[in-house]
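> Pasting the sequence and the predicted coordinates here, then a few questions.
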There are 2 protein chains.
Amino acid sequence: MTTTHDPDRLARAYLSRVLCRPDRRVGALIGEVGAQEAARAIRDGMASTEISGRTAARAEIDTAAADLDAIAAMGGRFVIPEDDEWPQWRLLGFDRLDRVDDAAPIGLWVRGGRSLADLTERAVAVVGTRAASEYGAHVTAQLAGDLAADGWTIVSGAAFGIDAAAHRGALGVGGVTVAVLACGVDRAYPSGHARLLTSIARDGAIVSEYPPGTTPARHRFLARNRLVAGVSDGVVVVEAGWRSGAHNTAGWGRRLGRVVMAVPGPVTSAASVGCNRLIRENEAILVGSATDVAELVAPLGSVSRDDAAVVRDTDVLSGETLLVYEALPAHETCSPLELSRESGVRIENVRAVLPLLELEGFVAGEDAGWRRVR
Amino acid sequence: MTTTHDPDRLARAYLSRVLCRPDRRVGALIGEVGAQEAARAIRDGMASTEISGRTAARAEIDTAAADLDAIAAMGGRFVIPEDDEWPQWRLLGFDRLDRVDDAAPIGLWVRGGRSLADLTERAVAVVGTRAASEYGAHVTAQLAGDLAADGWTIVSGAAFGIDAAAHRGALGVGGVTVAVLACGVDRAYPSGHARLLTSIARDGAIVSEYPPGTTPARHRFLARNRLVAGVSDGVVVVEAGWRSGAHNTAGWGRRLGRVVMAVPGPVTSAASVGCNRLIRENEAILVGSATDVAELVAPLGSVSRDDAAVVRDTDVLSGETLLVYEALPAHETCSPLELSRESGVRIENVRAVLPLLELEGFVAGEDAGWRRVR
């Protein structure tokens, strides 16, 4: 092909293939020297020992131009942070974490016409076990359908069972849904879902951080789960066995400060063991309907509640806002500096967040400092 | 009859009939002047205005001796705080509360041969809706049966539905169960449970704070719920509708500092709405089995956990070891070179890590390459 590719895009496409897994050190390197320099350093074995350790085995594979041609040929694109549609504010969550795999993607391979930023502006992940029960499939379709009808994008992983029911539930009401894959977006995985994936791409998107041709592998499913949570306001697990990928997605949701929710089920059902456990261990909030979910994930004040039930609910807070709020003692006042110390949030961010919390009625500023409003 | 009754018992029997509802001011009066003086003051209209306001209409009804004769005639007894079998330490919980109806009973009318203190030493209340589903009845029988087999007394209210399933679950394993009634213990209520009540009294007890002949009434059910929680270590709600007496029992459990638990159910089932709500609102801890319940109500260290649950857990792996392990496909063998490509770990490190993984039983080396062990 003769297409000329943007050099940053080319560099990131290269990195997307060479990096087999998320690595925040590579993100940091890009932040320092730019994508092109980072790609060059890795290709030439000049990056840090840690990065080289992870990339040396694949550093010579450079199919970037061919990959970009391939994605274009199938009507898709490779979205990078420099693009307007990059879901920037969503993926910022990864910056606050600190494990090596707590990294935003290098870029996203996408099929589907709409802007990723738009698609993920109001998004809820609905996930669960492949071995869904009739109950789970029913509840998923209802929940996803109701949320999608209310304008929420339904994000899931296109797997059998709950994932498929979530995508179908959204499609069934003419809603929008996004599938995040653990393989290239050119691959129909599972193959039984080829038709479903085509429908998803029509009004929504199929997204992957892996270049075309990548096959699914266990570690990619785990990294995929991080993106499912990463692009969503909240994660709903509808059914999950004792050990389930959905737990992993829920864990990512928790770490990213997303609202993590689970649908309870019969204690006699193996498919509900995982959800009941998440709820029992306070790792997820019990939800039973789209209304429950919307109340938890909607931006403050955007859900009209029954006036009788107007409770100022800190569940609507997340990220640094929540950290700052929680750092406030129940009955005393605090200075921004004390709050920064207590919450671990930078002082300038504490100062930025407090007026917002006050506006929403959570805190009040007084001469002596800030205090909670009850 | 010619029986001579203990004057304190007679005084409390009188008060038990005159007081239509729990009243801590009467308890306080008894504490100050003794039961006999308190009874006299109330009978003569000399008690405080508040107490008189509640007792004046019935103060002249003195059937105490006849009531004591009646309970004796049916092989029962009226237990008062002066008796050794009074569940003293259980009912102390009421002393810490402060609403007017937060009162320990004046005395307890009992059918059944065993000591009340013994019966309630290790006791769990299992309660729920009359409109139980098949699921609820099944879980209740299992839960109550397992707890009873483990030596727990099952306390409930002898109502249709969950209550009956709880009593029967205990009886079915030769366990002990206590029914707390909202009417006199001479009455079979509901009448369909006459035979069940007889079985309950055989090894357990039927208990009421109302004298023989008292008919059930709404306020008595609420007061009864307070006693169900009052004599138990914890309260399990198995199924409950949106508004249910079981909520009231759970509320009493919470106020008394008991462990309040609920069994989740399908979000599509009206019979589980109340339980799911209790859990969602953090008013009850989710439980699914007798083991869950015992872990919460048993004194620390008295529950032995199943050693069989030791699973080879990849959570113990980390760093490159985990990367290499995860790069292994589930059902195929791989060469170290393939593993290096897939995992991004340097080939020499892959070669170093594989024998360690084999030693730990995670992988096995074969002629064709390395594979996972399950």
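Structure received.

> What residues does chain A have near chain B?
A:19-21, A:53-58, A:135, A:138-139, A:217-219, A:222, A:263-268, A:272, A:276, A:279-280, A:285-289, A:292 (C-beta under 8 Å from any C-beta of the partner chain). For the C-beta atoms, the positions are set from N, CA and C on the backbone; glycine is no exception.

> out of these, which are buried?
A:19-21, A:54-58, A:135, A:138-139, A:217-219, A:222, A:263-267, A:272, A:276, A:279-280, A:285-289, A:292 (16 or more other C-beta atoms under 10 Å in any protein chain shown).

> Okay, and which of those residues map to strands?
Among those, the residues falling in strands (DSSP state E) are A:I285, A:L286.

> residue contacts, the residue nearest in space to the middle of chain A?
Centroid check for chain A by C-alpha atoms, centre = their mean gives A:G230 as the closest residue, at 1.6 Å. Contact analysis of A:G230 by C-beta atoms under 8 Å, 6 or more residues apart in numbering or on different chains lists A:R90, A:L91, A:G93, A:F94, A:A104, A:W252, A:L256.

> make it 10 Å
When contacts are counted by C-beta atoms under 10 Å, 6 or more residues apart in numbering or on different chains, A:G230 touches A:87, A:90-94, A:104-105, A:120, A:125, A:155, A:180, A:249, A:252-253, A:256, A:258.

> Which of those residues are buried? Put it as a PyMOL command.
Remark: buried members of the contacts of A:G230, expressed as a PyMOL selection using 16+ other C-beta under 10 Å:
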select buried, chain A and resi 87+90+91+93+94+104+105+120+125+155+180+249+252+253+256+258
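
> what's the spacing between A:E60 and B:V293?
Going from A:E60 to B:V293 by C-beta to C-beta, to the nearest Å gives 60 Å.

> And these two? Which one has more around it.
Neighbour count, other C-beta atoms under 10 Å in any protein chain shown: between A:E60 and B:V293, B:V293 has more, with 26 against 9.

> Now A:G136: closest residue in space that isn't a chain neighbour?
Using C-beta to C-beta, 6 or more residues apart in numbering or on different chains and skipping the chain neighbours, the partner closest in space to A:G136 is A:E239 (3.5 Å).

> So that neighbour belongs to a strand, correct?
No - A:E239: not assigned to a strand; according to DSSP: H, G, I helix; E, B strand; the rest coil it is coil.

> Hmm, A:A246 and it touching each other?
Yes - in this structure A:E239 lies within contact range of A:A246 using C-beta atoms under 10 Å: 7.9 Å.

> Quickly list what's touching both of the two.
In contact with both A:E239 and A:A246: A:V127, A:G128, A:T129, A:R130, A:G161, A:I162, A:A262, A:G274, A:C275, using C-beta under 10 Å, 6+ apart.

> Show me which pair in those is furthest apart.
A:R130 and A:A262 (16.8 Å; C-beta to C-beta).

> so where's the stretch 1-150 of chain A shaky on pLDDT?
A:1-3 (pLDDT under 70).

> ok so, going back, just the ones of the residues of chain A next to chain B in helices?
Among these, the residues falling in helices (DSSP state H) are A:53-55, A:135, A:138-139, A:218-219, A:222, A:276, A:279-280, A:292.

> which two from those end up farthest apart in space?
By the measure C-beta to C-beta, A:G53 and A:H138 form the most distant pair in these, at 47.8 Å.

> all helices of the stretch 201-350 of chain A, in order?
A:218-230, A:245-255, A:273-280, A:290-297, A:319-327, A:336-343, A:347-359 (DSSP state H, counting those that start in this stretch).

> Buried residues in the fifth one, which are they?
For helix A:319-327, a neighbour-count test (16+ other C-beta under 10 Å) marks A:G319, A:E320, A:T321, A:L322, A:L323, A:V324, A:Y325, A:A327 as buried.

> Now do that helix and helix A:347-359, the angle between them.
Angle of helix A:319-327 versus helix A:347-359, following axes from the mean of the first three to the mean of the last three C-alpha atoms, to 10 degrees, is 80 degrees.

> Which strands and helices lie in contact with the lengthiest helix in chain A?
Determined from DSSP H, the single longest helix within chain A is helix A:24-43. Applying 3 or more C-beta pairs under 10 Å, 6 or more residues apart in numbering or on different chains; DSSP states H and E, we find helix A:24-43 packed against helix A:7-18, helix A:49-55.
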